[in-house]
Every structure is written in structure tokens, then in C-alpha cells.
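>>> Sequence and predicted structure are below.
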Amino acid sequence: MLASILSLGGIGLFAAVTLGFAAKKFAVEVDPREMAALEVLPGANCGACGFPGCAGYAKALVAGTIDLNQCPPGGADVVTKLAHILGVEASATARQIAVVLCQGDNRKAQLKYRYLGLEDCTAAQRIADGPKTCPGGCLGLGSCQRICPFDAIEMTADGLAVISRENCTGCRKCVAVCPRDVIHMTPYESGVHVLCNSHDKGAVVRKYCQVGCIGCNICKKTVPDSYKIENFLAEVIYEQDTEAGEAIAKCPTKCIMDFNVGYPDGSSYLPAVADKPHAA
Amino acid sequence: MAELLLILVSAIFVNNFVLARFLGICPFLGVSKKVETALGMGMAVTFVMTVATVVTWFVQYFVLIPFGIEYLQTIAFILVIASLVQLVEMVIQKVSPVLYQSLGIFLPLITTNCAVLGLAVLNIQKDYTFLEGVVFAIGAALGFTLALVLFAGLRERLELSAVPQSFRGTAIALVTAGLLSLAFMGFAGMVKG
Amino acid sequence: MHAVFYSLLPACGVAVYFFGPSALTVLLIATLGCLATEAVCQRLMGQPVTIVDGSAAITGVLLALNLPPTSPWWLTLLGSVIAIAIGKQVYGGLGSNPFNPALVARVVLLISFPVQMTTWSVPAPLGTGLDLVTTATPLGEWKNAVMLTGKMPVDMQGSMSEYFFGNMAGSIGEISALALLLGAAYLFYKRILTWHIPVAFIGTVVLLSGLFWLVNPGKYPDPVFHLLTGGLILGAFFMATDMVTSPVSVKGMLLFGTGCGLLTVLIRLFGGYPEGVSFAILLMNAATPLIDRYTRPKTFGALSQRGTQ
Amino acid sequence: MKLKTFTGGIHPPDNKQWSSHKAIENCPLPAEFIVPLAQHIGAPSVACVEVGQHVAKGQEIGSAKGFVSVPVHAPTSGEIVAVESRPHPWGTALPAVVIKPDGEDRWSAELQPADPSDLSVDDMVEKVRQAGVVGMGGAAFPAHVKMSPPPEKKIRTLIFNGVECEPYLTADHRMMLEEPERILRGVALLQYVFGAERVVIGVEANKPDVIDLLEKECAGTPVEIMALQVKYPQGAEKQLIAAVTGGEVPSGGLPMDIGVAVHNVATAAAVTDAVIHGRPLIERICTVTGPAIREPKNLRIRIGTPLSHLVDVCGGLVEEPGKIILGGPMMGFTQLGFDVPSTRGTSGLLLLRSEDVAAQPEGPCIRCARCVQACPIHLLPATIAAYARRDLLAETEEYCAMDCIECGSCSYVCPAAIPLVQAIRYGKAAILAKKRNS
């Protein structure tokens, strides 16, 4: 009995001594807070915070060179946890989600040429600015759908990208990959959007798209403080968009849509049943 | 000498630790995403196995048997292996942080890796002399590394194939591992294992 | 793809000639089984059904050529399901599978049903009305003799010429070297096959078995025996050269062939199974990704051989 | 006698029979010239004329910006109608100068010929730069930049590219046949500029008439005429150097790193006009060919002639073209329509019928390795394309995607019709973009 205790104790002691010595020799100091922060972060390594993955963001957080709300997928609860770990006061940010500002799928919008090649928007864009006549329209080749880490984007049968408001975490990867910058970040609460991204004059837009914004100002006249027109393209002012819905019926090309009522046709997403409260 | 060579070859091919004896499957599946990581893991396991065999052999024949406490074999072996893994972990973290990051949790997990403990126990059961034990350990480790690297090569190739959605990731890895061990069955019976 | 199909027909013809209707049934069940499985799998996965490209049919014929002539219908059917479902479709269809589907099925069947897979029969040419008598293949005979007596069997069954034309026991496709070579010549002519893999494969087998033969002629058979018996020619020209599962660069193909040859001889002479070709090719299929990685051709103007990082 | 060549490459049908026997014809002036300001590799030139201004033939209408840039000249005398963005062969609308010819076609007075013997090397390089001479093989790289290598990079071998390996095109072939002396004087001038010991003119063996003529013309001079095996892409710079000298341009390096310089034969002719006659580069030979054009021709066109005019000059269309290509079918630029002007790099206008471009649906890659054998740079096109399409940029670069010369051999031989070149180009662009951002 004594022999077993002594022998195991001896091996243990010997091991402890060598490890103690080795620990000093190979010491690499790692801030425990960095590990804790890394645990809390979603780990999607999406790069929305501007760092190559969550580890980079955790390191910067501990070094204090970046504030806490730079991780959109994490959302508010990650911010509060990080604040707790780092012992810093947290400023929560409003949730942002991505929206494809276009309805011009291959049936509604005109194609400049028959594109044969890679199923990829960036690749198609390199050939004479993409197969779609409209300079800002969604090419519908699915680059955003493939890159979305949260499976929040679908392609309709006629080649239009649609983003689900519920699944989108706002990590901005689709915004970065879209060669036509047709995906914009918008506040989660506002469901009404002008679905067009073309600054051409009305007459030109009518020629290549049935649902494009022709810059006719009717929406601005109907709800003056919810819309603004910048060289022939209407845009919702998201801070005061409570009555923006009134202009939907008046828009001659049915270009404005409320995502709380329905998604563009051909999409399989359904609007959330409960009506989301609008921003105060 | 021929005897040692036979042990080596049988440990690498015929009774491969992973593909024939099915020991050490969790790192086999966990660390085989990239060939570099697999090689790193292979080296780490080779070091731990070889040194562990040496130490456990001494512990068995100079501590456990003289004091008649063979029943403590498992605890003692685990203690030795654990401290060795701790040492390897420190060295790798210092020498190559990238490898340390990519191995992640699987580096400390070598402690509970059944291949390592299995090797130490098998050494004793087969009554190998000290030299045979070490050769067997090197063979086992090389066999483990061979299987791991082959499997990592296959999985890197699967990155490029159009694996259906429901099979992506571990599912296709398990199917491929099955077929790989099927291929290794060819070596069965080649040497009296 | 269709050219490969036609190049297999001579071998099938010889098989039906020697083994009669039972060989024909195995061929039909295997081919139709593979086509049906592929159609079902693709339909289930919602992909377009592409059995017209003939790749499943080729796998079916190759599988049949690997089976004994008297193999029961359920064994063949099971083999074709395994070949297509597990060997190919689970990886995503044509071009994605790392292992040769026909060989996967053969090895699975060999290990799961050793009895049915090793009941060979004496060839009974059509018209002689002999029913099929079970016997051992030349390789099997040699292995048993070595196991028992440690020496070559005294009365080896049949002479080299008979092996060449196909009058010997073996799986449907293995028996006639002539028919297989005819098919292979057609593929070389159509430039579908490159010589690298077959030459390296057969060359290594002949060299290595020749070495062993010189060292101990009493125990080890001569290289020509190795060449004509077992699945070497079928394996070297039709199985190992399956493009999807073999390396892309010339150096890679030569290494692949040599590896297959080495393993075939090792398994045949020292392994537990009499026939090593299937296992050798599967093992080299497993090594193909690594071979591809380390035998990249040197890039034009590259300073160092950047391929071997 | 086994002809020299490079490793890899493919043998597409050369389809030169449409126009190889047709003598060069001068193309009549179009109603309106559209001269793009961006016609070459390097910074585009800047317009130095206003609307309404009257210009003479050869007068500078766009001045160069920076060292790697060349001026643009008026193709004829006439009035500037507009300076605005117009459709451009590169696919997008780019700034261009629109000139309405006045029919006099009067040369500008300032241009004076010079005697090469009393010109220094630097004078010659400057005259070439002012004349706007660029590589006529299609790359359109400013010639004066190539003519002024850094002093430590001594050019020992000077190669002239008369290979014209691109199918359908016969512009260089006809020029070598009908105007050899213009080329050979350019060759002599360039040899003087580089001080090269060895001068070689490479011509593919499918132009025996040219080889005989040049051998007769160059008998007794140090110029070597080398017949090369007929193989695509023999005309690619690196491949031509490998075929002629056996040396390999280091990956990521330039021909001058191994003491070699390569110029197109048409560039040599343009150097003669610039140095001896003092005339800028305002015209070139262009092959209008293909099954969809009524009378294929080799035309001497003025830079800036709209394609619609070229089609009219060649008797119009047999049928609505399935594809309009500027250059050859392998490396040419597909165009959206005929309202696009020709530029200095336009070596041909190829009009294919719809059935010529029947698109085969893309099948899976079965690793048949035909693209590996075809690639002149010894890459693994299928592997690079597979990595590039999945945005695995580290591996794409590791497999040397940046060394790809985009010659199209792999896409041509791929039995599964996989757009390999487009995938690799996509990968290269993604790698460059990532480098720029980080």
C-alpha cells in the first residue's frame, strides 16, 4: 500500500518538477481576458469587425484599441458580455440588416448579352460591366448567396437575390462581395424600401426595367420627410420612415415595397407575423 | 534485426493503429482538414508515443513489478503521458503558434488518445524487450501519421468536389475513412501481427 | 466515355464464350443495376439524371468483369448499388469520387462474402455442354501450396498459352489477356489512355516478381505467370487508369503505376488474399491527392521546384 | 529537320484560308472616326483638342500622361466633332475624340522625316514615343518603354514575332509578304537601339512563302530567319523566347531579365515610319474574316475606324453573327455590337455564325489532365480553376495562378467545356484585389 503511494507520488513529483522548469523556459504570456472574449464571440470569423476573424478582434478588444459594438453578428448580448469581461461600459447599437435594393429579375429587366460562363456576379461584372443593361441592377448569379455564413439569402427562379430580414445578422459580407453595390445596410425596424439602384434618367430606366425608379418625385410629394431624391433615384430617409408606406400605392412603377407586408415575387420568404414596432 | 523490421512494417501497414486497430480515431477525424496540420499532429504524436513508451517501459519493469503494484499500470501510464503532452504543448505553443492554433483542442487531447495509451499497454502485453518496444512505438506512430496524412490529402481533395449538402463535413469524412480502412485490409495477414 | 465501353466488349465476349450464360447474366445485372442506382440517387438528390453519359454503365461492366462467373444475382446487384451509391454518388457524382467505384464494390463484396466471391469455375467453352465445375484460380492454387508446403505446387493447372487466350479459372474479365489487350489498344489509338500508368504498373510487377523468382524459383512463380493470371492486365489498363481517381501530372502517373505494381506483388506474395491488384489500386487512389500535391510539373520559369513545398 | 518549338500548347485548325491569299487593300475613310484615348497598356492619354477645332492628319489629339503612356494622333485631317465617352472595345464606355474627316487627308506640316544615321539612340526612342508606337501583337504595350531597358539589363538577343499563331488572322502574314523592306529597316533600327548581337525573325512553318522571301531579303545580313513548328500559343512572348533561345523567362520576371527583347514585325514597321518618315502610328493591317462576313479581306485601316464601316467595306454580313470578336478566337475580345471603334491593338475582326458558337453545357471535371498537357506554362489549370471558383485564394496563388498567360489552350481542349480561363482570370483578379485591400 505504502509502496504504491510512494511510487506514484514519486512519478508525480518528478513530472511536476520537470514541468515547472519547462513552463518557465517556454513561457508565452496570453491575456486570460482574450480567451474569455474569444469564447463569447460568435466565431463566424466573418470579418465584419474589420479583423481577420474573431481571434484578431478579441486581441484588439483586450488591447483597448477598438470599441465593443463592432461585432454585428453578435448583436447586443455579445456587447454586454464583452463589457462584463473587459469591465467597460457598453454602448449598444441599433440592429442593422442588409437589403437588396432591386426587383429587376431576368423577366422584368433587360439583358445586354447572353452570358455563358461562371455562375458568379464578380466574374460576370468583369465582362462589359455585366450582362444586365441596368448599371446598378442585381445580376442574380448568387455571389452573395454563396458567401452568406448565416444562409439568409436566396436566389429566386428568375435570378434575383432576396435577403431574409429574420436570418440576416448584419455581418456585411454580402455588401462587400456584390460587384454592383446593390445591397445596402438598413435599420432592422424599417421595412419600407425603394427597390432600385439605378441613377439613370426615367426615360432610360423605362427602356431596360419594368420596376425601376424613374425619379418622378411622386413619393417625395406624398410623404415629403420620408423620401429624398438624388439624381433621379428615390431613397427612404430611414430615421423618419413611419409614414413611408403611404407612397407605395402611388409609385407608378411599383418600385417601393414594405418587407413587413411581403417579399419581392418569386421569393420563398414570408414576412414576420408580428408587426415590428417602427423606430420612435 | 529482421525481427525488428517485421515489427516496424506490421505496425505501420498491417496492423495500422488507426485503420486496422481503430485506435486514435478522434484526432484522426478532428485534425485531418489540412495536410500541414496533420503532419504537425503526426510529429507531436510520434514524439509523445516514443518517449511515453520508453518511460512507461521503465516504470513498468522498475517500479510497478518490483513493488508488485501492477494494478496501478493505467494510472501511472496516464500520468506519464499527460505530463509529456503538457511538455509538448508548451514547446509547440512557443515554437509554432500557427500550428498550436490549428491543432487547437486536439493537442491536449493527445493525453486521452487511446492510441498512445494503447501502445504503452500493448507493449507490456506483448512482452516486448525495450528495443522492440521502442521500434513498435515508432512504427505505430508512423502508421498513425501515414493514415492521418493520407486522410488529410483525401479530405483536401473533397473540398473541391461537389459533395451533396447533406453529406458535407464529417459525414463524407466518415465514409472516406471507411473506404480507406477497407483499402488497408489488403495488408491483412501479411505478417503474423 | 462510350469508347471505353466499346473497348470492354471483347473481354465480355470471351467471358461469355468460356463461362456461358451465367457470365452474361452477371454482366447484365451489374450494368443495369449501376444505371438504375445512379438514376435513383440523382433523382433523390434532386439533380438532373445523367445516366446517358455512360459512366455508370462502364462501372457496371468493370464490376461484372471483377466478379466470379457464378456469382449469385443478389451479390451482383448489391455490388452495383455499393459501387454507385457509396463509391460515387455520395461524393457528388462523376469526377468527385476519390476511389474507383467498381473496385470499392469488389473489395466490399470480397470481404463481406468471401465464399461466394472465391468460387471459381473451370471454363467450359460453349458447345462442349460442360457444366461449370468449381476449382481454384492459378494464383489461389499457388498460395495454398506455398502455405502448406512452402514450395510451388507440382502440377500447375494449364500452360501459359492457355492463360493468354483465357482458358483458365478466374473472374469474368481476368481470364483472357488477349481480349483485354485488344480493348486497351483501341483506347490508346483513340488517345483516351496514356501509356504512363499501365507501363509503370506492369513494368514494376514484372521486375519485382522477376527478382523474387530469381532469388527462389522453387517458391515464387515467374513474371509471365504474374502477368497473365489474376486481374493485372484488367487492373492496369482499365482500373488504375480511371482518370477521376488517378494523378494528373506525368510524374504523378508514373509514381502511381509503380506504387500499384509494388503493392500488387507484396500482397500477392506475402498477403492474406491471393489477388492484390484491387487493394493496390485502392491504396494508390488514397495516395493520389498527396501524389498530385508533390509531383506538380515545374512552372515555366520557376526558380525552384515550387511544386514540392 | 525538326522545327523548334516550346513544350505544351495545342493545334487548333488555323482557318487562315479565308483571307491568307488576299492582298492588302486600303480601307476607304469612314464617315466619322472615333479615336479612343485609352488604347494601350498604361495610363490613358488626355485629350488636347476642343470640339470644333480643325486638325491635320497625324496631329496629336491626346497627349501622353506619365512614362508608361503614349500620345494619340488624328487618323486624318478633319474637324473635331466631340470629345466624350463612347463605347470602347474593352466593354465599357471610355473617353474618345470624334473626328469628321474633311476628305483632304492632308499630313500635318510639323512632321518631318529624318536620316537615322545622325540620330542618337535616345532621339530614336523619343521619336518612337511621340509617334505613339505600341506592340501590334494585341497587347499594345508602349514600344518606347521596351526600347529603354535599364542599363544593367543588356539585351543580347532581339526576336521579331512573325508567328501569328492566332487562328483566322493573316494581317502579319500579308504585311511580311507585301512590305518586307519596311519591316527589315525597322529591324535594323531596333538592332542599333538595343545593340543586340543576335537578331531572329520567328515565323511559323505554315507561312513558307514568307520564310523564303525573308531568307532571300536577309541573305548576307546578320538577321536570322527561324521557321517554327505550327502550334498555338507559339506567338506568346515567353513561348517564343523558349522556342528560339531555349531560355525560360523567370516567373514574375521580364524577357530583359534573360537578355532578350521581343517585338512584333508590325511594330518594327511602325518604328520605321516613326523614325525615318516621322509619321505617327495611325494605321495598321486588320483581317476582317470569319464565316459570317461576305468577303473576308486584309484591310489597311486607320485607327479609330468603326467596325460597322469595316463590315460595309467587306460586303456586309452573310447572316446575323453569333459572336463578334476583335482579334482571334483564342485571345480576342467579344464585342456587344458594331458601334465600337478599332484601336492600335485590333489585329482582326472575326465574325462567327451562331452555329459556330454552339455553347455546350458545362460538365463535371473528370481530371482527364488534357488541360495539364496543353498548358504552355506547365500549370494545373483544372486545379487552379477549382480553387478559384471556391474563392480559396491562398491555394489559387500557391498553384501559380499569377503565371497564367490566359492563352485559352486549356479551355479549348477541355472536353467538359469548363470555362477554365475565365475562372483563372477571376482568381487572378481576386488575388490582386485582396493584395490591394490588405
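Structure's in. What do you need?
>>> For the residue in the stretch 51-200 of chain C positioned nearest to chain B, give me the pLDDT.
Nearest residue of the stretch 51-200 of chain C to chain B: C:Ser96, at 3.2 Å (C-beta to the nearest C-beta). For the C-beta atoms, the positions are set from N, CA and C on the backbone; glycine is no exception. In the prediction, the pLDDT value recorded for C:Ser96 is 92.
>>> For it, grab phi and psi.
Dihedral pair for C:Ser96: phi -100, psi -20, per degrees, to the nearest 10.
>>> and what of A:Gln103?
phi -120, psi 0.
>>> D:Arg300 and D:Glu283 touch, don't they?
Yes. With contact defined as C-beta atoms under 8 Å, D:Arg300 reaches D:Glu283; the gap is 5.7 Å.
>>> Looking at these two, which is more packed in?
Set D:Arg300 next to D:Glu283 and count neighbours by other C-beta atoms under 10 Å in any protein chain shown: D:Glu283 wins out with 21 against 17.
>>> list the contacts for that one?
If you count contacts by C-beta atoms under 8 Å, 6 or more residues apart in numbering or on different chains, D:Glu283 has them with D:75, D:300-303.
>>> what about C:Ala124, how many residues close to it?
Using other C-beta under 10 Å: C:Ala124 sits among 16 other residues.
>>> in what helix or strand does it lie?
C:Ala124 belongs to no helix or strand when elements are defined using DSSP states H and E.
>>> List the single closest residue to the residue of the stretch 51-200 of chain C closest to chain B in space, sequence neighbours excluded.
Closest residue to C:Ser96 apart from its sequence neighbours, by C-beta to C-beta, 6 or more residues apart in numbering or on different chains: B:Ser161 at 3.2 Å.
>>> Distance of that neighbour relative to D:Arg370?
Applying C-beta to C-beta, to the nearest Å, one obtains 19 Å for the distance of B:Ser161 from D:Arg370.
>>> Over to D:Trp90?
Look at D:Trp90 and D:Arg370: by C-beta to C-beta, they are 31 Å apart.
>>> Show me what residue of the stretch 51-200 of chain C gets nearest to chain A.
Nearest residue of the stretch 51-200 of chain C to chain A: C:Gly92, at 16.2 Å (C-beta to the nearest C-beta).
>>> Can you give me the neighbour number for that residue?
C:Gly92 has 20 nearby residues by other C-beta under 10 Å.
>>> Can you verify my assumption that it contacts B:Ala162?
Yes. Assessed by C-beta under 8 Å, C:Gly92 is found in contact with B:Ala162 at 3.8 Å.
>>> Identify the residue spatially nearest to the residue in the stretch 1-150 of chain C positioned nearest to chain D, adjacent ones excluded.
Closest to chain D within the stretch 1-150 of chain C is C:Gly95: 3.8 Å, counting by C-beta to the nearest C-beta. The shortest distance from C:Gly95 to any non-neighbouring residue, by C-beta to C-beta, 6+ apart, is to D:Pro364 (3.8 Å).
>>> check contacts around the one you found.
Contacts for D:Pro364 (C-beta under 8 Å, 6+ apart) come out as B:162, C:93-96, D:416.
>>> Go again with 7 Å.
The neighbours of D:Pro364, taking C-beta atoms under 7 Å, 6 or more residues apart in numbering or on different chains as the test, are C:93-95, D:416.
>>> Go through these and give me the one with the most neighbours.
Most neighbours among these, by other C-beta under 10 Å: C:Gly93, with 25 neighbours.
>>> separation between that residue and D:Ser342?
C:Gly93 is 46 Å from D:Ser342, by C-beta to C-beta.
>>> what about the residue in the stretch 151-280 of chain A positioned nearest to chain B, neighbour count?
The stretch 151-280 of chain A approaches chain B most closely through A:Asp151 (10.6 Å), counting by C-beta to the nearest C-beta. Residues contacting A:Asp151 under the criterion other C-beta under 10 Å number 9.
>>> so which strand or helix has it?
A:Asp151 belongs to no helix or strand when assigned by DSSP H and E.
>>> tell me the contacts of the closest residue to it other than its chain neighbours?
Spatially, and ignoring its direct neighbours in sequence, A:Asp151 is nearest to A:Asn167 (6.5 Å; C-beta to C-beta, 6+ apart). By C-beta under 7 Å, 6+ apart, A:Asn167 lies in contact with A:150-152.
>>> In PDB, list the C-alpha atoms belonging to stretch B:55-65.
Taking Å, rounded to 0.1, in the frame of the first residue of the first chain, the C-alpha atoms of stretch B:55-65 are listed here in PDB:
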ATOM      1  CA  VAL B  55       9.300   5.900 -19.800                       C
ATOM      2  CA  THR B  56       6.300   3.600 -19.300                       C
ATOM      3  CA  TRP B  57       8.600   0.600 -20.000                       C
ATOM      4  CA  PHE B  58      10.900   1.700 -17.200                       C
ATOM      5  CA  VAL B  59       8.000   2.500 -14.900                       C
ATOM      6  CA  GLN B  60       6.600  -1.000 -15.500                       C
ATOM      7  CA  TYR B  61       9.700  -3.000 -15.000                       C
ATOM      8  CA  PHE B  62      11.500  -0.900 -12.400                       C
ATOM      9  CA  VAL B  63       8.600   0.400 -10.300                       C
ATOM     10  CA  LEU B  64       5.400  -1.400 -10.800                       C
ATOM     11  CA  ILE B  65       6.700  -5.000 -10.900                       C
END
